[in-house]
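Colleague: Here is my input, please return the structure:
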Amino acid sequence: MTSDQPGGDIRHALGSSGEGIEVGLARQLAELAREMQAEPDMAALLQRITESAVVEIDGAEHACISLVEGSIVHTQAATDDLVRRVDSRESQLNEGPCITSLREEVTVRSDDFEKEERWPRFVAAALGEGIRSMLAVQLFVEGDNLGALNIYATEPNAFTEHDESIAMLLAVHAAIAMTASTTESNLRLALDSRDIIGQAKGILMERHKISSIEAFHLLVVASQRTHRKLRDLADTLATTGDWGIA
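Modeller: Model (predicted):
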């Protein structure tokens, strides 16, 4: 969905009824969003999101986050092993609420797996684990589908439209925090790479009495000749003083 307000190119999840998020919930979960962004790394952030979903959503007993890597859906964080098994079966069977949410970019809610006619193989597997209700909310920011927040209960009819609103708002905050965390990690990696390459250039400049540009050219040529990434080659030289080049 695209908003008519400023920043309207940012997409937001829609509930299973097609409605958007309840406005009053934004302030309610604002503090949680700030806390999530303070997590030290992506793994800790995703784990915090799943745990928060169980606390914030009435009826929720288990939760996990599934992310898409190519055509494969992986469980990235989970409150327990039970939902890891259920999520794994959904990925293996290639059907279920999470798969539908990811593919169709919609919120999917199943009130009672005993009466559910969609996804017959997955439903059988979920019932075998004691799951009766499930809610799957897509995670995306500005059109990039990042994955899904999946929430489970052992009781039928565990989730309401109000619960959907909380889940959708949590998913919006989660997706933004995840994107910020990824951007920060990439920036940190780029800075680390720059420092390592700078150290390697310094070694070559001192060793061969050459300029910075000439030292960088030597690194590039060596990278091409050895079919190694420039950063890895520079790291070896900076760490050991040798890169195995005659």
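
Colleague: didn't F122 look like it was pressed against Q92?
Modeller: No - applying Cβ atoms under 8 Å as the test, F122 and Q92 come out as separate, 9.3 Å apart. (C-beta placed from N, C-alpha, C; glycine too.)

Colleague: Settle it for me: which of the two has more neighbours?
Modeller: Between F122 and Q92, F122 has the larger neighbour count (other Cβ atoms under 10 Å), namely 25 against 12.

Colleague: what's the closest non-adjacent residue to the more buried one?
Modeller: G96 (3.8 Å; Cβ to Cβ, 6 or more residues apart in numbering).

Colleague: the strands in the chain, which residues?
Modeller: Ranges of strands in the chain, per DSSP state E, are 62-69, 72-78, 108-110, 133-141, 144-153.

Colleague: Check the offset of the longest helix along the chain from the chain's centre.
Modeller: In the chain, with assignment by DSSP state H, the single longest helix is helix 161-208. In terms of Cα atoms, centre = their mean, to the nearest Å, the centre of helix 161-208 is set 13 Å apart from its chain centre.

Colleague: same thing with stretch 228-236?
Modeller: From the chain centre to the centre of stretch 228-236 is a distance of 28 Å (Cα atoms, centre = their mean).

Colleague: Show me what that stretch is in contact with.
Modeller: Stretch 228-236 is touched from outside by 193, 196-197, 199-201, 219-220, 222-223, 226, 242-244, with contacts defined as Cβ atoms under 8 Å, 6 or more residues apart in numbering.

Colleague: Can you mark which positions in it are buried?
Modeller: Neighbour-count burial for stretch 228-236 flags 228, 230-231, 233-236 (criterion: 16 or more other Cβ atoms under 10 Å).
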